[in-house]
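1. Curious how this folds, go ahead:
(chains A and B)
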Amino acid sequence: MAREITMPKLSDTMEEGKILRWLKHPGDTIRRGEAIAEVETDKADMIMEAFDEGVLGEIVLKEGESAKVGVVIARLGEPGKQAAQAAPAPPAAEARPRQKIGAAPAQSSAPAPPAAVRGALAAVPPKRTAQGIAEAGQPGASQSPEPAPAEPQQAPVQQAQEGGADGLSGLPEFYSGLSAHSSAAPTTVPAPPPARAVAAKAETATAAATPADAAKLKASPLARRAAEEAGIDLATVRGTGPDGRVTKRDIDNFVREQQMFRFRRLIAPREGALGTRQELTPMRRTIAQRMAASKREIPHFYVTVEVDMEEAVRFKSSIEAAELFDEDITYNDIVIRACALAICRHSRMNASFEDETVVIRPHVNIGVAVAVEDGLLIPVIRECERLSLPEIARISHRLVGKAGRGGYTADELSGGTFTISNMGMLGIEHFAAVINPPQAAILAVSAIKERPVVRNSRIVVGRTMMVTVSCDHRVIDGVVAGRFLQELKRFLENPASLLV
Amino acid sequence: MEQAAQAAPTLRIARLATVEYSRALALQEGLAAARARGAVPDTLLLLEHPSVFTLGRGADARYLLNPPREVPVYRVSRGGQVTYHGPGQLVGYPIVKLEGRARDVHDYLRCLEQVMIDALLQCGIAAGRRPGLTGVWVEERKVGSIGVGLRRWVTMHGFALNVATDGRFFETIVPCGIAGCRMTSVAAEGRADLGVTEMAAFIERSFTTVFSYRQVVTVEANELWTASREFSLPAREASGPDPGLGAVCQC
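-> Model (predicted):
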């Protein structure tokens, strides 16, 4: 039996409300008191909670549409039943709200494209992805298994330094893109912890979570400051120092872990259920336009090389063990540094094809594709040719960390001359990326894997990584791409060179 | 106009000086969650932000005409259009639980307008409302903006009063999506002698009166930040996923 959800009355003077955003989608299990939608009336905005339990059957009033108070906006089915069957919409009921909607457009015709705004909540602060936990812990049909979020990565480009195809200056378009990212983790909660989302950590958190305990927590002053800056509750971090003391390194690792977690969770919900249609978010639209234009106009070719990472692995762990620098160095940082050095020797990799000329850029500004909800952002590390490895690590961690909470300046998202897309964390064997115009090349970095390698005429188990560069053939020829990769490989296989 | 609050007992007021936007938002969220649980009384945060542009969820990015490149842009969990916060602007975030007859969002918005109108009157500036254009106006010039979000009838976000705001930042956007919207400030209306601190005192008084608080407690910023760690500890709420607060720039 289907039950109806109607437009709530939030004020005596309220006549009409507009759905800003559905927080639940057809097929989702809804529990009493759970937030299901955001409703706007006269520009005040309210989270609407469920009074009833069941499975969301049908959404009648779409995002961006308005309806009078009391009009049906959605239907609930019984838990366990498939949404569509549970909610056979009576035709009359269907027609009624639609009429109202029709009557309302004048009022709701804000210039914003509301339909495109689906999920565009960008809660800004570091968020606790409580949603993640709760969903994971929820039994029931609506729970989707961990998805393989490869899709957005394949279009690792969404840079808006040039005007968009719609004639806007790319900048605003880009900002609209910014919106989409955090919507998967819509959250109230306070600064702290995306952290708590990490299930294992959450357990330690509950164990140590009383304020009294918190006061006793051992942490270095540096760690305390770092935790505060990152909005992390120290109680949720497991200390690895003496007597379980929390060190700055623990905080850094924790933040990274959260980012990984968010990365995995974030993309999941936005894929949508089978058999549904989804409006494009502004970010999705930008990606669609730019990727299509890239593949249409740029003659791509691809060159791959296998890099022996044995030394790099050792290099990384020895730096970590020695605690030489404030920040741990990640493989991504190592690849950025190696790319910067290799690009300095092969300037064509740092160029653009413009008006029948090849423009070689003066600085190596490397963009790093970061997955965000239903899309990606490419924060740019400027003038990499002048940065040491620890400097790169510091800047890139700061920039990548922002992806979860926004607050990029225009400068941080534009001006890239080369892009790196790293899917190593997903265990990818090998992939090729689409060039991010107006750049001429993009590097696809896959996972470090144990593979048989030949050393001294013997087959041994080594650790290698595939990297593939996609090039614009108008600017770069095969021999340049090949030499660049050769150079990159040499730097990566002799990591001491990266510190020089 | 109806008084939104029926003699709520205690209000805590915290003056926080200048707070980075995301940090203030996190604090608000923590306070709102704690307020919903009944762990803390109503709280009014008064602060300034470093320069920042914020876009509502449904905001049209074209209203960001030519923002200075070094100013961060947040797309935040509110509806409405683009706005600017920055030095010289007094921002008020009431974290207030609306109860009983006060559970009326429109009344609440009108009350926030009244708070600013009363405070401005104290300094000899005659401000008022314009039908259909929420906010506080001096003739057709806008001096105060409002945007609120509610969850479980606990409010977030609030109002922004231009005291001595650098008007040039507003020129790089279409404030509130109203083309030709002229922004003004307390300074521009002839009271350049008043700063954010002085205006905060007026706002404190008018807020207390409009919302009929019997008792007002001042909290130190430090105390609030420390406490925010406690109430931000996991509050196992039965409701499961905790979605973002929506707020809408009233502009």
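
2. what's the helix or strand for residue A:390?
-> For residue A:390, the host element (DSSP states H and E) is helix A:389-402.

3. now the angle between helix A:389-402 and the helix or strand just after that helix, please.
-> Next helix or strand after helix A:389-402 toward the C-terminus (DSSP H and E): strand A:418-422. If you take axes from the mean of the first three to the mean of the last three CA atoms, to 10 degrees, strand A:418-422 sits at 70 degrees to helix A:389-402.

4. quick one: pLDDT of residue 75?
-> Chain wasn't specified; assuming chain A. At residue A:75, the model reports a pLDDT of 88.

5. wait, I meant chain B there
-> Reported pLDDT for residue B:75: 74.

6. now it, which residues is it bridged with?
-> residue B:55 (DSSP bridges).

7. Ramachandran coordinates for residue A:344?
-> phi -60, psi -30 (degrees, to the nearest 10).

8. pretty sure residue A:429 contacts residue A:449?
-> Yes - applying CB atoms under 8 Å, one finds residue A:429 in contact with residue A:449, separated by 7.2 Å. All C-beta spots, glycine's among them, are computed from the backbone N, C-alpha and C.

9. So for these two, which sits in the more crowded spot?
-> residue A:449 (16 against 10; other CB atoms under 10 Å in any protein chain shown).

10. what about the more buried one, helix or strand, and which?
-> Judged by DSSP H and E, residue A:449 forms part of strand A:441-455.

11. circling back: so which bits of the helix holding residue A:390 are buried?
-> Neighbour counts over helix A:389-402 (16 or more other CB atoms under 10 Å in any protein chain shown) mark A:389-397, A:399-402 as buried.

12. so what sits against both of residue A:429 and residue A:449?
-> Here residue A:429 and residue A:449 have no joint contacts, going by CB atoms under 8 Å, 6 or more residues apart in numbering or on different chains.

13. rewinding a little: give me the sheet partners of the strand holding residue A:449 and which way each runs.
-> Strand A:441-455 sits in its sheet next to strand A:418-422 (parallel), strand A:458-472 (antiparallel), going by DSSP bridges.

14. Using CSV, write out the CA atom coordinates for the shortest one.
-> Output in CSV follows, covering the C-alpha atoms of strand A:418-422 (Å, rounded to 0.1, in the frame of the first residue of the first chain):
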residue,chain,number,x,y,z
PHE,A,418,49.9,18.9,-17.5
THR,A,419,47.6,16.6,-15.7
ILE,A,420,48.1,13.4,-13.7
SER,A,421,45.3,10.9,-13.1
ASN,A,422,46.2,8.3,-10.5
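
15. Next, count neighbours for the residue nearest to residue A:431 when sequence neighbours are not counted.
-> Among residues not flanking residue A:431 along the chain, residue A:444 sits closest, at 5.1 Å (CB to CB, 6 or more residues apart in numbering or on different chains). Neighbourhood size, residue A:444 [other CB under 10 Å]: 26.

16. tell me which residues form a beta bridge with residue A:444?
-> The partner residues for residue A:444, given DSSP bridges, come to residue A:421, residue A:468.

17. just residue B:145 next, same as before
-> Under the criterion used (DSSP bridges), residue B:145 bridges to residue B:160.

18. One more: the one 5 residues further on?
-> Beta-bridge partners recorded for residue B:150 (DSSP bridges): residue A:46, residue B:155.

19. Just give me the neighbour total for it.
-> For residue B:150, using other CB under 10 Å, the count is 26.

20. With residue B:103 instead?
-> Other residues near residue B:103 come to 16 when the count uses other CB under 10 Å.

21. pretty sure it contacts residue B:153?
-> Yes - between residue B:103 and residue B:153 a contact is recorded at 5.6 Å, counting by CB under 8 Å.

22. looking at the strands paired with strand A:441-455, which is buried most?
-> For the strands paired with strand A:441-455, average neighbour numbers computed from mean count of other CB atoms under 10 Å in any protein chain shown are highest in strand A:418-422, which has a mean of 25.

23. The residue nearest to residue A:431 and residue A:313, how far apart?
-> 20 Å (CB to CB, to the nearest Å).

24. what does the average pLDDT come to for the helix or strand residue A:228 falls within?
-> In this assignment (DSSP H and E), residue A:228 forms part of helix A:221-230. Helix A:221-230 carries an average pLDDT of 73.

25. Summarise which helices and strands that helix is packed against.
-> helix A:248-267 (3 or more CB pairs under 8 Å, 6 or more residues apart in numbering or on different chains; DSSP states H and E).

26. Can you read off the backbone torsions of residue B:47?
-> Torsion angles, degrees, to the nearest 10, at residue B:47: phi -160, psi 180.

27. Likewise for residue A:17?
-> Dihedral angles (degrees, to the nearest 10) for residue A:17: phi -130, psi 160.

28. Check residue A:359 too.
-> In terms of degrees, to the nearest 10, the main-chain angles of residue A:359 are phi -100, psi 120.

29. what do you get for residue A:409?
-> Phi and psi for residue A:409, reported as degrees, to the nearest 10, are phi -90, psi 170.

30. what residues are up against the closest residue to it other than its chain neighbours?
-> Distances taken as CB to CB, 6+ apart place residue B:72 nearest to residue A:409, at 5.2 Å, with adjacent residues excluded. Residue B:72 makes contact with A:407, A:408, A:409, B:21, B:52, B:53, according to CB under 8 Å, 6+ apart.

31. Going through those residues, which ones are buried?
-> The neighbour-count test (16+ other CB under 10 Å) marks A:407, A:408, B:21, B:52, B:53 as buried among those.

32. from the residues you listed, which single one is nearest residue A:461?
-> Proximity of the buried ones among the contacts of residue B:72 to residue A:461 (CB to CB) peaks at residue A:408, which lies at 41.7 Å.

33. Make sure that closest one is actually in contact with residue B:71.
-> No - in this structure, residue A:408 is not within contact of residue B:71 by CB under 8 Å, at 11.0 Å.

34. what sits in contact with each of these two?
-> By CB under 8 Å, 6+ apart, no residue touches both residue A:408 and residue B:71.

35. buried stuff in the strand holding residue A:449?
-> A:441, A:442, A:443, A:444, A:445, A:446, A:447, A:448, A:449.

36. likewise stretch B:123-141?
-> For stretch B:123-141, by 16+ other CB under 10 Å, it's B:123, B:125, B:127, B:134, B:135, B:136, B:137, B:138.

37. try stretch A:492-500
-> Under the neighbour-count criterion of 16+ other CB under 10 Å, stretch A:492-500 has A:492, A:493, A:495, A:498 buried.

38. Stretch A:4-18 too?
-> A:5, A:6, A:7, A:8, A:10, A:11, A:14, A:16, A:17, A:18.

39. any idea of the mean pLDDT for the helix holding residue A:390?
-> Here the average pLDDT along helix A:389-402 is 89.

40. ok but residue A:40 is inside a helix, no?
-> No - counting by DSSP: H, G, I helix; E, B strand; the rest coil, residue A:40 is not found in a helix; it is strand.

41. correct me, but it touches residue A:17?
-> Yes - counting by CB under 8 Å, residue A:40 does reach residue A:17; the two are 6.6 Å apart.

42. Packing partners of the host helix or strand of residue A:21?
-> Following DSSP H and E, one finds residue A:21 within strand A:16-22. Counting contacts by 3+ CB pairs under 8 Å, 6+ apart, strand A:16-22 packs against strand A:35-41, strand A:66-68.

43. Chain B is nearest to which of those?
-> For those, proximity to chain B was assessed by CB to the nearest CB; strand A:35-41 is nearest, at 3.9 Å.

44. Dump the closest one to CSV, restricted to CA.
-> Only the C-alpha atoms of strand A:35-41 are listed here, as CSV (Å, rounded to 0.1, in the frame of the first residue of the first chain):
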residue,chain,number,x,y,z
ALA,A,35,15.8,13.4,6.5
ILE,A,36,14.2,12.9,3.1
ALA,A,37,14.3,16.3,1.4
GLU,A,38,15.1,19.9,1.6
VAL,A,39,12.2,22.2,1.1
GLU,A,40,12.4,25.9,0.4
THR,A,41,9.6,28.3,1.2
